[in-house]
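# coords please:
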Amino acid sequence: MLDLRRREFITLLGGAAAWPLAARAQQAAMPVIGFLGGESLDLWANYVRAFQQGLRDTDYIEGQNVAIEYRWAEGHTDRLPALAFELVRRQVTVIVAPGSTPAALAAKAATATIPIVFVIGPDPVGLGLVASLARPGGNVTGVVTLNVEIAQKRLELLHELFPAATSFALVVNPTNPALAEPVSKDVEMAARMLGVTLHVLHASSDAELEAVFATATQLRTAGLVIGPDFFFNGRIERLAALAVRHALPAVYQWREFTAAGGLLSYGSSVTDVYHQAGVYTGRILKGQKPADLPVQQTTKVELFINLKTAKTLGLTVPTGLLVRADEVIE
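Numbers count the residues shown, from 1 in each chain. This next block holds a predicted model:
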């Protein structure tokens, strides 16, 4: 299945690896985007399509008047600095670091002159990526998702499913405090307001992920909130499989989690976020400076519910929740 998806993705990118030398010579005259992906091409096909649409909306089409050099960390954060420096040595026109705080930080550390467009969840000012949202300054701008701010809403959705429950769990990656700390704080605050107990569990390896689901089950929690994180993004299907195996209602940020068998997904629209990153990249290629492009904060969120999983778990999803869903998977 992965081989098929990989072939489809390579076709999507225009078969760049198989282009003849003449085409590559033509490509050399085009502006070049360095795409610093934290995950793998198998996982990011939909995201890249949205990014490419944003480029097209600014009159740039890959292979025709712009080239894209893709670098994939395959879920290994430690590879990102070297990949970022590789793009700098390639002298790309702009670097796009989407969906990963480590990728954005690696790109910024690699160059102070090449424009950078990020897509992240945490506050970019607090991370030192930009001077302010309205006036970024320097060579960096981008798009901020709502996936940190609305983490507490994910707990509220589980509580809506289990209004009589008194115990829930949250899993965060302790090696990424930029996300783990604000998410833990916000969800703990939401738990206090709901009058429920919240168990904060940690996972930064596959073995720890296994342990988290086992622990949440042993604690008899009604459901699990999966915090937004680069590490978890690369294991969406695994997370869904663990939730199904342990019969544990769980909620994450991306639709892919629900499509793979997870119960709920609630987060910023992937299409909207990556489309905006493509638009900003196109505007920079046209000559605008990152310093003059305010950091965008996405406002569109999406709710997905897997009704088949709900039935398997013996849950009746409230009608009010179903009508609010952007998609119900049956």
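
# What distance do you get for Glu149 to Asp229?
15 Å (Cβ to Cβ, to the nearest Å). Just so you know, the C-beta spots here come from the backbone N, C-alpha and C atoms, and that holds for glycine as well.

# With Phe213 instead?
Phe213 is 16 Å from Asp229, by Cβ to Cβ.

# again, but for Glu302
Applying Cβ to Cβ, the value for Glu302 to Asp229 is 19 Å.

# out of those two, which sits in the busier spot?
The neighbour comparison of Glu302 against Asp229 (other Cβ atoms under 10 Å) goes to Asp229, with 26 against 18.

# give me phi/psi at that one?
phi -170, psi 150 (degrees, to the nearest 10).

# Give me the pLDDT value at it.
For Asp229, the model assigns a pLDDT of 88.

# just checking, it touches Ala180?
Yes: with contacts counted by Cβ atoms under 8 Å, Asp229 reaches Ala180, the gap being 7.4 Å.

# any residues in contact with both of the two?
Shared contacts of Asp229 and Ala180, defined by Cβ atoms under 8 Å, 6 or more residues apart in numbering, comprise Val172, Asn173.

# okay, now the domains of this structure?
2-145+269-301, 151-268+302-329 (automatic domain parsing).

# Those: lowest mean pLDDT?
domain 2-145+269-301 (a mean of 87).

# residues touching the residue positioned nearest the centre of the chain, list them.
In the chain, the residue lying closest to the centroid (Cα atoms, centre = their mean) is Gly99, at 4.3 Å. The contact partners of Gly99, taken as Cβ under 8 Å, 6+ apart, are Gly37, Gly38, Glu39, Trp44, Tyr47, Val119, Ile120, Phe230, Asn233, Tyr274.

# give me that answer again for 7 Å
Gly38, Tyr47, Val119, Asn233 (Cβ atoms under 7 Å, 6 or more residues apart in numbering).

# Kindly report the same for Thr298.
Thr298 makes contacts with Val143, Thr145, Leu146, Ser268, Ser269, Asp272, Val273, Gln276, as judged by Cβ under 7 Å, 6+ apart.

# Go again with 10 Å.
Thr298 sits next to 119, 143-147, 267-270, 272-273, 275-276 when contact means Cβ atoms under 10 Å, 6 or more residues apart in numbering.

# I'd like to know which of those is nearest to Val172.
Nearest to Val172 among the contacts of Thr298: Asn147, at 12.6 Å, using Cβ to Cβ.

# Distance check, that closest one against Val212.
Taking Cβ to Cβ as the measure, Asn147 falls 19 Å from Val212.

# Pro136 too?
36 Å.

# export stretch 188-208 as PDB, just CAs?
Output in PDB follows, covering the C-alpha atoms of stretch 188-208 (Å, rounded to 0.1, in the frame of the first residue of the first chain):
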ATOM      1  CA  GLU A 188      -5.600  21.000  32.700                       C
ATOM      2  CA  MET A 189      -7.400  24.300  33.000                       C
ATOM      3  CA  ALA A 190     -10.300  23.000  30.900                       C
ATOM      4  CA  ALA A 191     -10.400  19.800  33.100                       C
ATOM      5  CA  ARG A 192     -10.700  22.000  36.200                       C
ATOM      6  CA  MET A 193     -13.600  23.900  34.700                       C
ATOM      7  CA  LEU A 194     -15.300  20.700  33.700                       C
ATOM      8  CA  GLY A 195     -14.700  19.300  37.200                       C
ATOM      9  CA  VAL A 196     -12.900  16.200  35.900                       C
ATOM     10  CA  THR A 197      -9.500  14.600  36.700                       C
ATOM     11  CA  LEU A 198      -6.900  14.800  33.900                       C
ATOM     12  CA  HIS A 199      -3.900  12.400  33.800                       C
ATOM     13  CA  VAL A 200      -1.000  13.900  31.800                       C
ATOM     14  CA  LEU A 201       1.000  11.100  30.200                       C
ATOM     15  CA  HIS A 202       4.300  11.400  28.300                       C
ATOM     16  CA  ALA A 203       5.500   9.700  25.100                       C
ATOM     17  CA  SER A 204       8.400  10.400  22.800                       C
ATOM     18  CA  SER A 205       9.100   6.800  21.500                       C
ATOM     19  CA  ASP A 206       7.100   4.000  20.000                       C
ATOM     20  CA  ALA A 207       7.500   2.000  23.200                       C
ATOM     21  CA  GLU A 208       6.200   4.800  25.300                       C
END
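
# Would you mark the buried spots in that stretch?
By neighbour count on 16 or more other Cβ atoms under 10 Å, the buried set for stretch 188-208 is Ala190, Ala191, Leu194, Val196, Leu198, His199, Val200, Leu201, Ala203, Ser204, Glu208.

# Narrow the residues you listed to those in strands?
Those of those mapping onto strands are Leu198, His199, Val200, Leu201, per DSSP state E.
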